[in-house]
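**Q** Let's see this in three dimensions:
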Amino acid sequence: MPLLWENSRSELDKVASLLRSSSDYDIPLPDSLKKLGLDWSQKLLKEVNGNVLYVSQREYGIIDPLSKGEIEYIATDSATTCHILILIHPESRVVGVAHFDGCNTMQGVQELLTSLDTRVAAIDSSSAPSSSLRYKLYLFGGFSDPKGTSKSLSLDLLDALSECSQLLELTALCIGEQNSRYQDDICYPIFYGAGVDCNTLEVHKIECSDRGPLQDVKSCRNFVGPKEMVSCWDHTTREMFIEPFDYQPLKKIDLWLKQSDETLLKYFSTSPEQEPPHFVASLRASLLCLLKHPQPLTSLFKDGIAFRFKLVDGHWIEVKRDTSAKT
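**A** Numbering: from 1, shown residues only. Sure, this is the predicted structure:
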């Protein structure tokens, strides 16, 4: 049973207060929130392998009936200490998904909600003012990691959400101990991924086999590029995009590439034992990209043009742009 915003704000503030006063992540949640977490932790995993708008780490995406085109799911995965926020406006069927890693959390929440309000108004001209819009809120991610990284991000997100003016229905809260399972005395997340069926608006525990194009480039931005949360979907053109960005070259990449998988996990992951199987292969691809493109604005984003892709017959096809017209 969802908690309406008047109660949600009180409950979220209570969770944040308990987290701050607790030495670990196992806090005595109110019964209403325990049930929300337990119900969702038992969901079956859904594998999706096509027609997905994949939201990468430190990104958010917003889909609506007018702009989704062939997209059937908007989803993200590979979250360990990261958190996944889903917001749905049922009346207009506008959906937002964000993948937070601890960088600029407040900015990401504010931009996501502002962008959602804009799309709702565009879809439904009779909708209420933004301060009266009501969204269903789903929050997944983080687990009882020894370093406390998950706990810190949970607090940042709860603080950011408590400051928003929109009305929310807390429909799922599966974070911390609620999102933890134990195997051989090692703690793992229950939710690595989550997403929304754009046709039914059902929310699923999700694993994506197709994460879209240029994941190595996106990871370069996360490793050594800008720290802001960014959008990945252009509703006006129905295109996934990657805006140009610069970064400071990573030193000794050739030496990093010679290291064992265990060493890379130790130095590049916040949770080495919990990373999904594809983590190291993806990391090596990103390191190769950094090695090949030490100056991305010169070799990757020539003439300051964004990468753009359109979903055609289930495949992401790059959209070539006139280099005389910058994004």
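**Q** what's next to stretch 267-283, contact-wise?
**A** Residues from elsewhere that reach stretch 267-283 (CB atoms under 8 Å, 6 or more residues apart in numbering): 77-78, 80-81, 143, 145, 147, 149, 186-189, 192, 215-216, 219, 223, 261-262, 264-266. For glycine as for every other residue, the C-beta is placed from the backbone atoms N, C-alpha and C.
**Q** Give the PyMOL command for selecting the buried subset of the residues you listed.
**A** Command for PyMOL, covering only those of the contacts of stretch 267-283 found buried under the criterion 16 or more other CB atoms under 10 Å:
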select buried, resi 77+78+80+81+143+145+149+187+188+189+192+215+216+219+264+265
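**Q** Which residue ranges of the stretch 51-200 of the chain form helices?
**A** According to DSSP state H, counting those that start in this stretch, the stretch 51-200 of the chain carries its helices in the segments 105-123, 149-162.
**Q** Residue 230: which of the ones you listed is closest?
**A** Of all those, it is helix 105-123 that lies closest to residue 230, at 8.7 Å by CB to CB.
**Q** What residues does the residue nearest to residue 82 when sequence neighbours are not counted make contact with?
**A** Spatial nearest neighbour of residue 82, excluding adjacent residues (CB to CB, 6 or more residues apart in numbering): residue 101 at 4.8 Å. Contact analysis of residue 101 by CB under 8 Å, 6+ apart lists 57, 58, 81, 82, 153, 222.
**Q** re the thing from before, I'd like to know which of the contacts of stretch 267-283 are part of strands.
**A** Counted as lying in strands by DSSP state E, out of the contacts of stretch 267-283, are 186, 187, 188, 189.
**Q** Dump these to JSON lines, plus pLDDT and distance to residue 198.
**A** Output for these, formatted as JSON lines (pLDDT from 0 to 100; distance: CB to CB, whole Å):
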{"residue": "186", "pLDDT": "93", "distance to residue 198": "36"}
{"residue": "187", "pLDDT": "94", "distance to residue 198": "33"}
{"residue": "188", "pLDDT": "94", "distance to residue 198": "29"}
{"residue": "189", "pLDDT": "94", "distance to residue 198": "25"}
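**Q** which of these lies closest to residue 44?
**A** residue 189 (15.9 Å).
**Q** Distance check, the closest one against residue 304.
**A** From residue 189 across to residue 304, the span is 38 Å (CB to CB, to the nearest Å).
**Q** just for the stretch 51-200 of the chain, where's the confidence low?
**A** 127-131 (pLDDT under 70).
**Q** for residue 199, what are its contacts?
**A** residue 72.
**Q** That should have said residue 140, apologies.
**A** Counting by CB under 8 Å, 6+ apart, residue 140 touches 40, 79, 83, 84, 86, 172, 174, 175, 179, 191, 194.
**Q** Pick the most buried one from the helices of the stretch 51-200 of the chain.
**A** Comparing those by mean neighbour count (mean count of other CB atoms under 10 Å), helix 149-162 ranks first with a mean of 20.
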